[in-house]
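1. All I have is the shape, not the residue letters:
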């Protein structure tokens, strides 16, 4: 545990708060020596409070200073290149970017819906009991291992370029967007199925015991008792994985689709800048941040509900 | 031929043999209480009867048919045998009424309307019909357990197993649950109870079995077991209970 | 019970919707009112000349300062070429965007396009996986630098940090070690050209090496801050790409040759390039 004096010394790194911290800590020592324990403790607390201010405000101030220096260094290089005002305020550029971003949005919305269902199927496959189902469990495990282990980018390449070339009927004729949806669904289906599986396994065995004791078959038990409870439990952490999916839609650009990334590149080339990448980043944040906040609220409400009945 | 026959039933968990040769007959309309120290195998025995646990030796027969071992349609067995657990195990994501009607609809093939009608009638019998649309977490422990009993009854079992159903309840809620069991006994339901409620056991049971170290050490009418136990171990057990003020 | 069906319906609708919304770019406003074509070009999509390119392609697809939206491209050397070829075939022109490395690796499904016009340099290795048309554009490698950098000899180039775009012949020349005398030690490879140019602006590299006309286009919009200070003879030419062995070469070569012979292509080059490549001094690359 840091003493008041040591904390104040560190706090001096940010003098506006560090100096008061040090002053209080010196007073505290003096009062302690004079036997005024009560006041000494009081001063010590003030020293500690100021030390915390030093950390919080100091870190913020230094971070901003560093970022500003970064932006302005090298003859404003970073500011010019990544935040060129001309491009950032170009309405036509934003219009083109929004057109492209709409494609990314479509991809992740549809992929999310597919993943919600597909991942549950895979999770149930992995949990089917009995020796007769071992091949199914094995298949599901292989699928999960492979698609969690291969980077999304490579999956998109293999699915988007490979499948198209194989000239397989129907599957060989999808559009690039559809390939992207399939690739992302395969990858994130693997992650999310593990979340579902953890959820299913977290439903206490006594629920299964009660359901089976009533005469419900294994599949009826899963369908009406276990899975509904599992899904309710894991929806929040599961939605967390979706934030990754939303960002990974940027990868569909490698298939040549004129999504927000490729349109950004085009703008960058037209304007000799990289500011369009910042614009694309802003668009992604406009989606992921509200989603995250909503998700936090969902988790909070769910926890409140769970604790209410106790 | 008794309604429920257990012959030399063995059950092992790993290297620990919990049931070491149980022999027991239960006639129709009998109420049999299992008493004994924790770990003596009471719950395990009940779970073996409805095949939640498989036995490692011996045989169980219900209504003359073998219901243990291989080749048994477990779901058919479980329609005949109902069980109520210590921790109620109601389905938290469904209303009380849905809890009660789920199995009759899915397993017995009742229509939803018929199952709900019967479910509400059952709830009326225990005085909880206004809770039909509530979720379990809104009910007290005693109310949840009564719903659990009714849920098992909705399947019209011929044998009802009750596994320490009052052990998890606050003392003031125990009474309402035991009242239902008393009524069921009066109506002639064949039941097996594992319980610590000795006073109650004395009151309702036709037969009491004292389990010790995996076998039925002594069995007999309640007066015998509680007032004139024959075996030393039984005597010691009953003595401890009396001292604890539970009899 | 209703929810699973609803989800299934949503998925079906979603997949169908994306099937309808393809990522083709609509044909740009052109004055191509398709007359009865003089050639039967056997397009993969009836009535349409399906062209593939890899954007951005400044001055070849769009004149850079003009558009920020790829859908609004309406000029450029290869854009005009494509429209002319389409007109000669009696077809409309549509183009789609694909990744450059996928194009030169022959990874674009040949049944989905007629030809590729994307400033692709004809090369032996590439010809193993795709067919090339006759060369329609001579291009040597040029070095774009910030004004003030002197390059009088290859040694001067060796002293610089040079940026290249991945999968281009420029990258191949200076990094593969297979071209005598060309290997440079200080090379940075970027996934796209814009990044390389940005690096030049930021001073992270001293020069960008790519086909002279492309660099000239970039110099033209640098407000005099950058120039193509030297070029290096390679004798390379741009060619259109066709799916390997699918017979399109025989159909389109005569058309393209026709555009070369009647001076159309030279006129386009003169129109769109910000400078005449022949004014950039040549520097020898010693093979010893």
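-> Right, received. Where do you want to start? Owing to the predicted nature of the structure, the values given are computational and were not obtained by experimental measurement. Numbering: from 1, shown residues only, chains lettered A, B, ... in the order given.

2. Quick check: which element contains the nearest residue in space to residue C:245 that is not next to it in sequence?
-> Excluding the flanking residues, the one nearest residue C:245 by Cβ to Cβ, 6 or more residues apart in numbering or on different chains is residue C:131, at 6.8 Å. For the C-beta atoms, the positions are set from N, CA and C on the backbone; glycine is no exception. Using DSSP states H and E, residue C:131 sits within strand C:130-132.

3. ok, that strand: who's next to it in the sheet?
-> strand C:241-243 (antiparallel) (DSSP bridges).

4. Buried residues of the strand it pairs with, list them for me.
-> For strand C:241-243, the neighbour count (16 or more other Cβ atoms under 10 Å in any protein chain shown) marks C:241, C:242, C:243 as buried.

5. Could you point out the member of those that lies closest to chain B?
-> residue C:243 (56.3 Å; Cβ to the nearest Cβ).

6. just checking, the closest one touches residue C:129?
-> No. Assessed by Cβ atoms under 8 Å, residue C:243 is found out of contact with residue C:129, at 9.7 Å.

7. Spit out the residues that contact the two alike.
-> Contact criterion Cβ atoms under 8 Å, 6 or more residues apart in numbering or on different chains; residues bridging residue C:243 and residue C:129 by contacting each: residue C:106.

8. If the residue nearest to residue C:245 is in a bridge, with which residues?
-> Assigned bridge partners for residue C:131, using DSSP bridges, are residue C:242.

9. Name the nearest residue to residue 222, ignoring sequence neighbours.
-> No chain was given, so I picked chain A. Leaving out its chain neighbours, the residue that sits closest to residue A:222 by Cβ to Cβ, 6+ apart is residue A:124, at 6.6 Å.

10. actually it's chain C I care about, not the one you picked
-> Excluding its sequence neighbours, the residue lying closest to residue C:222 (Cβ to Cβ, 6+ apart) is residue A:272, at 6.8 Å.

11. before we move on, which element is residue C:196 in?
-> In this assignment (DSSP H and E), residue C:196 forms part of helix C:193-202.

12. wait, does the next helix or strand after that helix make contact with chain A?
-> The helix or strand immediately downstream of helix C:193-202 is strand C:207-211, counting by DSSP H and E. No. Taking Cβ under 8 Å from any Cβ of the partner chain as the criterion, strand C:207-211 and chain A are apart, separated by no less than 11.9 Å.

13. for the chain, what spans make up the helices?
-> Answering for chain A, as no chain was given. Per DSSP state H, chain A carries helices over the ranges A:4-11, A:15-33, A:37-83, A:85-88, A:91-127, A:134-149, A:152-157, A:164-166, A:176-202, A:205-213, A:218-221, A:227-248, A:260-271, A:275-308.

14. not quite, I wanted chain C
-> Taking DSSP H, the helices of chain C run over residues C:2-20, C:77-89, C:100-104, C:124-127, C:154-158, C:169-175, C:193-202, C:212-220, C:248-261, C:264-272.

15. Relative to residue B:137, which of those helices is closest?
-> When the helices of chain C are compared by Cβ to Cβ, helix C:2-20 sits nearest residue B:137, at 22.8 Å.

16. could you list every residue that touches the residue nearest the centre of chain A?
-> For chain A, the residue nearest the mean C-alpha position is residue A:243 (4.6 Å; Cα atoms, centre = their mean). Contact analysis of residue A:243 by Cβ under 8 Å, 6+ apart lists A:288, A:291, A:292.

17. Which among those count as buried?
-> Buried among the contacts of residue A:243 by 16+ other Cβ under 10 Å: none.

18. okay, those residues in CSV with pLDDT next?
-> CSV is the format used below for the contacts of residue A:243 (pLDDT from 0 to 100):
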residue, pLDDT
A:288, 91
A:291, 90
A:292, 88
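
19. Considering those residues, which is situated nearest to residue A:29?
-> Looking across the contacts of residue A:243 and measuring by Cβ to Cβ, the closest to residue A:29 is residue A:292, at 46.0 Å.

20. For residue 45, grab the count of nearby residues.
-> You didn't say which chain, so I picked chain A. Look at residue A:45: counted by other Cβ atoms under 10 Å in any protein chain shown, it has 13 neighbours.

21. not what I meant, chain C
-> 15.

22. distance of the residue nearest to it when sequence neighbours are not counted from residue B:204?
-> Counting by Cβ to Cβ, 6+ apart, residue C:45 lies nearest to residue C:94, which is 7.7 Å off, once chain neighbours are set aside. The spacing between residue C:94 and residue B:204, counted by Cβ to Cβ, to the nearest Å, is 86 Å.

23. Please apply the same query to residue A:95.
-> 81 Å.

24. Neighbour count: those two, which is higher?
-> Counting neighbours by other Cβ under 10 Å for residue A:95 and for residue B:204 shows that residue B:204 has the greater number, 19 against 14.

25. per-residue confidence for the closest residue to the more buried one other than its chain neighbours?
-> Residue nearest to residue B:204 in three dimensions, not counting chain neighbours: residue B:185, with 4.7 Å by Cβ to Cβ, 6+ apart. At residue B:185, the model reports a pLDDT of 91.
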